[in-house]
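**Student:** What would the 3D arrangement of this be:
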Amino acid sequence: MSRLTALFLVIALPGCGGAAREPEPVDPKPAPVATQPEPEPEAPLDDAPMLDVTSAQPTEILLDGKPIGTTPITGRKVAPGLHEVTFVDPERGNRTMMVTLEPGDAKTVQSDPPPSIVEMGGGDKDKDKAGDKKK
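**Tutor:** As a prediction, the model looks like this:
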C-alpha cells in the first residue's frame, strides 16, 4: 500500500496550494506584415442585350406580356432571343412589335400612334362643285 499512498501524495501535492506558478510566458504576436491587398477580380463583361422603348406620348409597355413601365424605358436588360414589345393603347388598340436581341446588342423599339382620322371638309358649304358661290 505504501506505493499507492506515495502515488497519491505525488499527484495531490502540486494541487494543494504550493507556491503559485507563474504562467508560462507567451511569445507576443509578431506585428502584422503589410501586404498588398489582393486586386479586385475584374467584373465579367456583361453582355446582356439592352432594350430602349420610346414613343411620342407616355405609353404603358408590356415585354413578353408582362408590364415593365411607361415610356421612355432605357437600358432594360433582357435575355437574348426574340421578344414581344407591346405598346398599350386602350383608345386605338395595342401595337405589338417583335425584336430579336443577341448578346451584347442594344436596340431601340419606337412606336408612334397612328395619325387620327380627321375628316377634311370641302371648304365653304356655300360653294358648288365648280367653286362658284351658290345664291
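**Student:** For the rest of this, base every contact and every neighbour count on C-alpha atoms.
**Tutor:** Will do.
**Student:** got any ranges where the protein has weak pLDDT?
**Tutor:** 1-45, 113-135 (pLDDT under 70).
**Student:** mind redoing it with 80?
**Tutor:** The model of the chain has pLDDT under 80 over residues 1-46, 112-135.
**Student:** Confirm for me that Gly104 is in contact with Ala48.
**Tutor:** Yes. The criterion here is C-alpha atoms under 8 Å, and Gly104 meets it with Ala48 at 5.7 Å.
**Student:** shared neighbours of those two, anything?
**Tutor:** Counting by C-alpha atoms under 8 Å, 6 or more residues apart in numbering, no residue touches both Gly104 and Ala48.
**Student:** Of the two, which one has the most company?
**Tutor:** A direct count of neighbours by other C-alpha atoms under 10 Å for Gly104 and Ala48 places Ala48 higher, at 17 against 13.
**Student:** Surely the more buried one touches Arg76?
**Tutor:** No. The pair Ala48 / Arg76 is not scored as a contact, 9.5 Å apart, by C-alpha under 8 Å.
**Student:** what number of residues lie near Gln57?
**Tutor:** The burial count for Gln57: 12, using other C-alpha under 10 Å.
**Student:** Same check on Thr86?
**Tutor:** Counted with other C-alpha under 10 Å, Thr86 comes out at 22.
**Student:** which ones are touching it?
**Tutor:** Ile61, Leu62, Leu63, Asp64, Gly65, Asn94, Arg95, Thr96, Met97.
**Student:** Count the residues that sit near the fourth one.
**Tutor:** This means Asp64. 14.
**Student:** same question, the third one
**Tutor:** Residues contacting Leu63 under the criterion other C-alpha under 10 Å number 17.
**Student:** what separates it from Lys77, distance-wise?
**Tutor:** 11 Å (C-alpha to C-alpha, to the nearest Å).
**Student:** next one: the fifth one
**Tutor:** Computed with C-alpha to C-alpha, the distance linking Gly65 and Lys77 is 16 Å.
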